[in-house]
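>>> Sequence and predicted structure below; questions after.
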Amino acid sequence: DAGITQSPRHKVTETGTPVTLRCHQTENHRYMYWYRQDPGHGLRLIHYSYGVKDTDKGEVSDGYSVSRSKTEDFLLTLESATSSQTSVYFCALSGRAFETQYFGPGTRLLVL
Amino acid sequence: TQLLEQSPQFLSIQEGENLTVYCNSSSVFSSLQWYRQEPGEGPVLLVTVVTGGEVKKLKRLTFQFGDARKDSSLHITAAQPGDTGLYLCAGGAGTASKLTFGTGTRLQVTL
């Protein structure tokens, strides 16, 4: 295991409320990623980080923001949650950019 | 936009049978990864192939990267219930390029 945890593991929220998901690693990996997984779409990259305070957008970044103030934590924020953001969110990390990725256990988010 | 299509989407077989899962694209990838995901967990890497025509074996699993590096296959021999899960392929287009994930093949192996 790559020493990666996600919190919360499950969350139910209402449309329009802000939500923050946390990814925490103990492996000191440089690269961290946020994906969402939806039926029929596979895993889609939301944002990724290549170092402290260094982040970039993925293919489905609209409505999401991220922050990485220290190596071990990567936060994903939904500023104003919408029902289309109901999904399972996975954090991943790697030692080199987009090479072998180690995934966390996921956060199941339901936006009502 | 690079797309990876996996087939079949669903596969239900009995223990002991053989199966092949396919991952196809019209784009060339520099590397191809295969992951397995069990319910309620994140994907776990099985193998990475980087050379066209490359074949890798992992116990009962055989992975092949197409000569043109546009497709890959995963063959499981004598499937076991422990092989049950979602199999995902993911292609990389070059050093530090973002991975493109396929939509997955859900495998159910019954006794």
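Alright, I've got the coordinates.

>>> Which residue does chain B have closest to chain A?
In chain B, no residue comes nearer to chain A than residue B:42, which is 2.9 Å away by C-beta to the nearest C-beta. C-betas here are computed from N, CA, C, even on glycine.

>>> Can you say which helix or strand has residue B:106 in it?
With secondary structure defined by DSSP states H and E, residue B:106 is part of strand B:105-110.

>>> partners of the longest strand along chain A, with directions?
In chain A, taking DSSP state E as the definition, the longest strand is strand A:42-51. Sheet neighbours of strand A:42-51, with direction, are listed as strand A:31-38 (antiparallel), strand A:54-57 (antiparallel) (DSSP bridges).

>>> Mean neighbour count, those strands: which tops it?
Stretch with highest mean neighbour count among these: strand A:31-38 (a mean of 24; mean count of other C-beta atoms under 10 Å in any protein chain shown).

>>> any residues touching it, and which ones?
Strand A:31-38 has contacts (C-beta atoms under 8 Å, 6 or more residues apart in numbering or on different chains) with A:21, A:23, A:25, A:43-50, A:58, A:60, A:64, A:66, A:68, A:74, A:76, A:85, A:87-98, A:101, A:106, B:101.

>>> And the contacts of the helix or strand of chain B with the lowest mean pLDDT?
Scoring the helices and strands of chain B by mean pLDDT, DSSP states H and E places strand B:99-101 at the bottom, with a mean of 88. Identification of contacts with strand B:99-101 by C-beta under 8 Å, 6+ apart yields A:35, A:42-45, A:98, A:101, B:2-4, B:25, B:29, B:33, B:88-93.

>>> quick one on the thing from earlier: now render the strands paired with strand A:42-51 as a markdown table, adding mean pLDDT.
What follows is those, written out as a markdown table (pLDDT from 0 to 100):
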| stretch | mean pLDDT |
| --- | --- |
| strand A:31-38 | 94 |
| strand A:54-57 | 93 |
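
>>> and residue B:61, which of the ones you listed is closest to it?
strand A:31-38 (22.5 Å; C-beta to C-beta).

>>> Next, the contact list for residue 21, please.
No chain specified, so I'll use chain A. Applying C-beta under 8 Å, 6+ apart, the residues near residue A:21 are A:6-8, A:11, A:34, A:75-77, A:89, A:91, A:107, A:109.

>>> that's the wrong chain, I meant chain B
Residue B:21 neighbours (C-beta under 8 Å, 6+ apart): B:6-8, B:11, B:73-76, B:87, B:105, B:107.

>>> what bridges to it?
As assigned using DSSP bridges, the partners bridged with residue B:21 are residue B:74.

>>> cool, and residue A:45?
Beta bridges link residue A:45 to residue A:35 when assigned by DSSP bridges.
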